[in-house]
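Student: Starting from these lines, generate the structure:
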Amino acid sequence: MTDKPMHRKDRQLSQEEAWQALAQGTHGVLCLVGEDGWPYGVPMNYVLLDGSLYLHCARSGYKLEAIARDERVCFTVVTQARLIPEHITTLYESVMVLGRAHVVEHPHEHDAALAALINTLGRVTPEIRDQYIAKKSKNTTVLRIRPLRLTGKASRQLIPVTQRM
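Tutor: Numbers count the residues shown, from 1 in each chain. Below is the predicted model of the structure:
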């Protein structure tokens, strides 16, 4: 895992700010080491629970094959992005997580992660949520990513293009 410093240190978020941004997001891009070493990225919903990222997917597929070969992953989240064309810039906030992905095997952790995902992404009653989990849980894989490195970056202040020339 590389530990190179961020080029634009003035835009680097503190660890606390990066964790806060990660907690606010709902989707990102999971990047895996794909077949033959080629990178593979896929957009996914996630939830942050007890310091780990949880994602869900089918019981089989390319993601799971890639993780079985190499558990190292990068998960990138953009929590804000606003293009300002007249100033040739973007105001943004993003977070990058490096970690290792694992399939959640314990039923309690599996269902708790699904419940947290539903609570974050849906608007259903606890009864409907629990019925949904009871029906879909057996056909759903839950992945856990424990962050080993977390970096955040933001550009929140507009500097007019004429001041940057």
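Student: Enumerate the positions of whichever strand or helix holds Met96 that are buried.
Tutor: Assigned by DSSP states H and E, Met96 falls within strand 89-103. Using 16 or more other CB atoms under 10 Å as the test for burial, strand 89-103 gives Thr89, Tyr92, Glu93, Ser94, Val95, Met96, Val97, Leu98, Gly99, Ala101. Every residue, glycine included, has its C-beta placed from N, CA and C.
Student: Could you look up the next helix or strand downstream of that strand?
Tutor: Past strand 89-103, the next helix or strand by DSSP H and E is helix 107-121.
Student: quick one, strands of the chain?
Tutor: 27-33, 39-45, 47-49, 52-57, 72-84, 89-103, 141-155 (DSSP state E).
Student: if we can go back for a sec, per-residue confidence averaged over the strand holding Met96?
Tutor: Mean pLDDT, strand 89-103: 92.
Student: and it, what other elements does it pack with?
Tutor: Helices and strands touching strand 89-103, by 3 or more CB pairs under 8 Å, 6 or more residues apart in numbering; DSSP states H and E, are helix 15-24, helix 62-69, strand 72-84, strand 141-155.
Student: Which neighbours in the sheet does it have, and how are they oriented?
Tutor: strand 72-84 (antiparallel), strand 141-155 (antiparallel) (DSSP bridges).
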